[in-house]
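K.L.:
dropping a prediction and its sequence here:
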Amino acid sequence: MMILKTENVSKSFNVRSGIIKGGIINALNNVNIELNEREIIGIVGASGSGKSTLAKVLVLLYRPTAGKIFYMDDDVTGYHGKRLKMYRRKIQMVFQDPYASLDPNHTVAWHIERPLKITGYNRNIHERIGELLDMVTLSPSDYFMDKFPHQLSGGQRQRVYLARVLALEPQVLIADEPVSMLDISVRIGILNLLKEIRDNLGISIIYITHDLNTVSMITERIYVMHNGFIVEHGATDRIISNPYDSYTKRLIEAAPNPYRRIE
Ligand code: ADP
Ligand code: MG
């Protein structure tokens, strides 16, 4: 079943700049993507190709200049107020910087308690925090609950953030370069965790990255972006072994493989 879909979505920005022709940047051009239930898809492209703009349009932080966004069967493009709030709870973002996404003045437990209160969770909150920490394999959970962000590694912080997001019971996670600031050794653990989240909770995931090496670890299908266009999409294995598009070919040839070196 289809969960999230864009239909010919475009997004342009007006910029005051002498360098950019007409002062307009076309960050997305007629983008069509589809995310199915329990699926992990990848959005792959170089820096500046429009990946983060697509993520922000999907959660309606930016309104598309043209085109539509569908969640299940609903056209959500014009959602405002309460409906927008409900939609945004279902589609959660995970960001690149695990240092910026947690409040340094509060404990791990506080970070997870807040979303539980927002959703009106009415059973044992302490127990639920423990469950969520176990889910992101921060065990024993009682040990981590009282920790402050500065006492945790980057990978552990990203796990806390994931637990916080999962407390909201989303249908979709949009992970925008979620491991690119982490050490290589930690990245694989976080990507495996995303896969477990999909397997165990049935959440669909959009994994956004410039890194072709990690994309094949967790995605079934990918969309390749270039200058705001989807230049190619299909099964991840096929695209990596036999890309049709000339830009995709260049992207694959240019990709270093850091994982090979650590073997
Ligand atoms: P990526 O995430 O793939 O690196 P972005 O979506 O961040 O790419 O950016 C795509 C293009 O849109 C870039 O040219 C960027 O400069 C431009 N852009 C993104 N956000 C804005 C904004 N708020 N205002 C103006 N230009 C923007
Ligand atoms: Mg980006």
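P.N.:
Looks like it came in fine. Ligands and ions are numbered 1, 2, ... in the order given.
K.L.:
let's check: the centremost residue of this structure is which one?
P.N.:
Ala175 (1.4 Å; Cα atoms, centre = their mean).
K.L.:
now that one. Nearest residue, chain neighbours left out?
P.N.:
Sequence neighbours aside, Val94 is the residue nearest to Ala175 in space, at 4.2 Å (criterion: Cβ to Cβ, 6 or more residues apart in numbering). For the C-beta atoms, the positions are set from N, CA and C on the backbone; glycine is no exception.
K.L.:
Leu166 is in contact with the one you found, correct?
P.N.:
No. Using Cβ atoms under 8 Å, Val94 is not in contact with Leu166, being 10.3 Å away.
K.L.:
what's the burial count for the closest residue to Leu193 other than its chain neighbours?
P.N.:
Closest residue to Leu193 apart from its sequence neighbours, by Cβ to Cβ, 6+ apart: Val136 at 6.2 Å. When counting by other Cβ atoms under 10 Å, one arrives at 24 neighbours for Val136.
K.L.:
got a list of what Val136 touches?
P.N.:
By Cβ atoms under 8 Å, 6 or more residues apart in numbering, the contact set of Val136 is Arg159, Val160, Leu162, Ala163, Leu166, Leu193.
K.L.:
wait, is Arg157 part of a helix?
P.N.:
Yes. Residue state for Arg157 (DSSP: H, G, I helix; E, B strand; the rest coil) corresponds to a helix.
K.L.:
for the contacts of Val136, which one is nearest ligand 1?
P.N.:
Distance ranking of the contacts of Val136 against ligand 1, using Cβ to the nearest ligand atom, places Leu162 first at 20.5 Å.
K.L.:
which outside residues touch the host helix or strand of that closest one?
P.N.:
Using DSSP states H and E, Leu162 sits within helix 154-166. By Cβ under 8 Å, 6+ apart, the surrounding residues in contact with helix 154-166 are 92, 94-95, 98-99, 101-102, 108, 111-112, 114-115, 129, 132-133, 135-138, 144, 149, 152, 173, 178-179, 181-183, 186, 189-190, 193, 197, 201.
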